[in-house]
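Asker: sequence and predicted structure, then a few things I'm wondering about:
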Amino acid sequence: IHVLHKGPYKYPREAGARLKVGYVSSDFGNHPTSHLMQSIPGLHDRNTVEIFCYALSTDDGTNFRSKIAREAEHFIDLSQIPCNGKAADRINSDGIHILVNMNGYTKGARNEIFALRPAPVQVMWLGYPGTSGASFMDYLITDEVTSPLELASQYSEKLAYMPHTYFIGDH
């Protein structure tokens, strides 16, 4: 009941500080999502971007999970925090500026965390190519084949188009 009465988060920003990006997924393990994106956290410019990965599932002991944990500056296991309000508090306390939902409505998703808006900008990417239909998701990273421009009005998010494909990754 306490979470139902949770006030809105504040999003302070330090001048000159690095942009903080958080990736949230239940698929940081032996899963196609990780197969595609395992190097992505390490490809950001560390001078300007600080990367956080928030795992929604327990460690499966695979090289995929350990590589993602190594590539990210911060790897946080939220599977040990079953309360969505406390998980959102953790994300907000990290000062995340852009929070990426890599699950959408797939297995292991915890969209309730995003509904609490722990970050000022929230984005859908990779794991679920459709609209969330949710007011708390701001953007969907997509491409013109997956989300044709003439259907943009059917999406609750603003569409952020990648030039060739939204399947940016290791392969």
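Answerer: Arrived safely.

Asker: on the three-state scheme, residue 160 is what?
Answerer: Under DSSP: H, G, I helix; E, B strand; the rest coil, residue 160 falls in the strand class.

Asker: who's in contact with it?
Answerer: Contact criterion Cβ atoms under 8 Å, 6 or more residues apart in numbering gives 123, 139, 140, 141, 142 as the residues in contact with residue 160. The C-beta positions use only the backbone N, C-alpha and C, and glycine is treated the same way.

Asker: one more: residue 105?
Answerer: By Cβ under 8 Å, 6+ apart, residue 105 lies in contact with 111, 128, 132.

Asker: pLDDT-wise, what's the bottom of these?
Answerer: Lowest model confidence among the contacts of residue 105 falls on residue 128, which carries 93.

Asker: now do the nearest residue to it once chain neighbours are set aside, the pLDDT please.
Answerer: The shortest distance from residue 128 to any non-neighbouring residue, by Cβ to Cβ, 6 or more residues apart in numbering, is to residue 104 (2.1 Å). pLDDT for residue 104: 96.

Asker: ok, now the one 5 residues further on?
Answerer: Model confidence at residue 109, given as pLDDT, is 98.

Asker: from what I can see it touches residue 24, true?
Answerer: No. The pair residue 109 / residue 24 is not scored as a contact, 9.1 Å apart, by Cβ atoms under 8 Å.

Asker: low-confidence regions, the protein specifically.
Answerer: 1-5, 171 (pLDDT under 70).

Asker: what segments of it are helices?
Answerer: Here the chain has its helices, by DSSP state H, at 32-37, 40-43, 63-71, 84-93, 111-115.

Asker: related to what we said a few turns ago, out of the contacts of residue 105, who's the most crowded?
Answerer: Taking other Cβ atoms under 10 Å to define a neighbour, the member of those with the most is residue 132, carrying 20 neighbours.
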